[in-house]
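Visitor: I would like the atomic coordinates for the input below:
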Amino acid sequence: MQVSVVLGKPQPKQREFMLAKAKYVAFGGARGGGKSWSVREKAKRLALKWAGIKILIIRKTYTDLRDNHILPLKADLPDSLAPYKEADKAFCFRNGSRIKCSYFANDSDALQYQGQEYDVIFLEEATQFTEMVFNVLKACLRGANDFPKRMYLTCNPDGVGFLWVKRLFVSREYLEGENPDDFLFIQSLVDDNEILMRKNPDYVKQLDSLPEGMRERWRYGSWDVAEGQYFNEFRRDIHVCEPFPLPKEWRRYIAIDYGLDMLAAYWIAVDNSTNCYVYKEYCKPDLPISMAAKAILENTEPNENIYAVLAPPDLWNRSQETGKSKALLFSEAGLDLTKSNNDREAGWLAIKELLAQDAEGNSRLHIFKNCPQLIKNLPELLRDPKHPTDTMNEPHEITHSPDALRYFAIYWVSPSLPTQEKRVKYRKDHLEDYLNAGSEEIRKLLIKKYGGLPEL
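Guide: Residues are numbered from 1 along each chain as shown. Here you go, the predicted model:
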């Protein structure tokens with residue numbers, strides 16, 4: 001029995017997308033560019049051309065998956081050619097090809113695909129997903145056959161995945177191990193969708209009437225500003241600098257965020273004009289406290305003269321099992337911590353103060369290029385829609401480096417000085433440091449560090 005399928009005629013940008021040979025192809029950049037139609041059309045053509053090919057189409061929600069792909073594909077593909085199996089959410093072609101439709105409501109949903117093999121994956125509205133999802137899916141592109149191994153992404157310049165999509169496909173800033181030749185971005189604006197322009201000319205007027213930031217993203221495909229970006233003050237050309245030798249007289253700090261999932265440690269120097277330079281970073285997961293303390297000490301030069309190692313107050317909470325706090329365990333491992341402030345709103349505002357530019361365009365915060373994790377994560381933080389003065393805690397893996405910087409910023413911009421009445425029992429060596437301090441300024445720093453005046 002012969003079955004015929006009507007294939008659509010792609011418009012110029014859609015045709016460019018269909019013919020692209022790069023391993024990872026991103027398509028779109030604005031509303032109304034004809035992205036979902038291109039995905040369906042490309043998937044159909046691949047399934048018909050390559051007998052036995054395995055294809056996966058992913059959306060964020062089942063509603064979007066059903067309305068944009070399942071229902072249109074059911075209308076395009078006769079049951080005699082590719083019946084739809086509801087239980088598997090898959091179109092099974094007579095030639096052995098398969099188009100599976102899936103949705104990831106949460107990042108963890110992607111983990112169910114670990115170990116699975118697909119020849120072609122379509123990640124629709126990729127900026128709605130974190131980079132973790134993209135990395136999990138990359139590992140699924142494999143198979144012992146001659147079929148093309150590619151991932152096609154459609155995207156708009158907004159959402160939680162804005163920055164990783166922009167980095168790979170727009171800014172083209174690659175990390176070690178990433179091949180620039182693997183990545184291709186094809187921008188498609190509403191003006192490139194001749195059919196939509198002809199059938200719904202008022203749609204452009206709707207886009208033109210949007211608020212400025214939204215209009216720039218949705219109408220013109222601008223990737224300059226992310227929707228909901230908390231630190232929209234951050235600019236690489238202003239806040240990131242080449243490393244240089246630091247004068248010995250500059251005061252230096254270490255700020256840490258610690259958990260078994262990640263130790264994020266930053267070495268920060270302050271010059272005589274209160275400009276702050278983040279000059280060294282150490283980020284590593286799965287370190288018990290003894291190893292975390294050892295790593296920080298080994299990465300600190302003897303002549304760095306660190307004034308304080310700043311840490312969040314929760315490290316002083318005592319464990320019910322041992323009766324000891326993490327701060328005490330750090331101290332026993334040779335690293336004394338100084339308690340910073342965990343007021344999130346005040347801490348983020350303190351970072352904003354450091355990022356702010358003066359009339360000449362200068363900022364007080366500078367980050368050395370050898371701190372890639374902080375440079376990547378700080379602008380990735382999004383505003384919490386329920387608490388606009390705070391950031392979102394998801395994805396959690398991007399929060400450690402900004403949190404460490406926050407503990408420094410709030411301590412430096414508005415330190416909470418201990419009251420003069422408070423007395424603390426000093427260790428013998430700490431008391432000697434206090435008694436032998438060469439100036440009142442050093443004594444004040446020691447009082448901050450050890451939590452109060454010594455019991456004499």
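Visitor: any figure for the gap between the closest residue to residue 345 other than its chain neighbours and residue 343?
Guide: Spatial nearest neighbour of residue 345, excluding adjacent residues (Cβ to Cβ, 6 or more residues apart in numbering): residue 389 at 4.6 Å. Every C-beta, even on glycine, is put in place using the N, C-alpha and C of the backbone. Using Cβ to Cβ, to the nearest Å, residue 389 is found at 11 Å from residue 343.
Visitor: what does residue 245 give?
Guide: From residue 245 to residue 343 the distance is 35 Å (Cβ to Cβ).
Visitor: the more surrounded of those two?
Guide: Between residue 245 and residue 343, counted using other Cβ atoms under 10 Å, the more crowded position is residue 343 (15 against 6).
Visitor: list the residues that contact that one.
Guide: Listed by Cβ atoms under 8 Å, 6 or more residues apart in numbering, the contact set of residue 343 reads residue 410.
Visitor: let's verify residue 184: helix, strand, or coil?
Guide: Secondary structure of residue 184, reduced to three states by DSSP: H, G, I helix; E, B strand; the rest coil: strand.
Visitor: same question but for residue 135, I mixed them up
Guide: With three-state DSSP as the basis, residue 135 sits in helix.
Visitor: so where's the stretch 101-250 of the chain shaky on pLDDT?
Guide: Counting by pLDDT under 70, the ranges of the stretch 101-250 of the chain that qualify are 189-222, 224-227.
Visitor: could you list the buried residues of stretch 107-124?
Guide: Of all the residues in stretch 107-124, those buried under the rule 16 or more other Cβ atoms under 10 Å are 107, 109-110, 113, 118-124.
Visitor: mind putting those in TSV, distance to residue 20 and secondary structure included?
Guide: Below are the buried residues of stretch 107-124 laid out as TSV (distance: Cβ to Cβ, whole Å; DSSP: H, G, I helix; E, B strand; the rest coil):
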residue	distance to residue 20	secondary structure
107	27	helix
109	27	helix
110	24	helix
113	23	helix
118	18	strand
119	16	coil
120	12	strand
121	14	strand
122	13	strand
123	15	strand
124	16	coil
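Visitor: need the max-distance pair from those residues.
Guide: Largest separation among the buried residues of stretch 107-124 by Cβ to Cβ: 107 and 119, giving 23.7 Å.
Visitor: end to end on stretch 371-380, go ahead and measure it.
Guide: With Cα to Cα, to the nearest Å applied, stretch 371-380 spans 15 Å between its terminal residues.
Visitor: so who does residue 312 touch?
Guide: Taking Cβ under 8 Å, 6+ apart, we find residue 312 in contact with 257, 340, 342, 403, 407.
Visitor: the fourth one reaches residue 257, doesn't it?
Guide: Read it as residue 403. Yes. Look at residue 403 against residue 257 with Cβ atoms under 8 Å: they come within range, at 4.2 Å.
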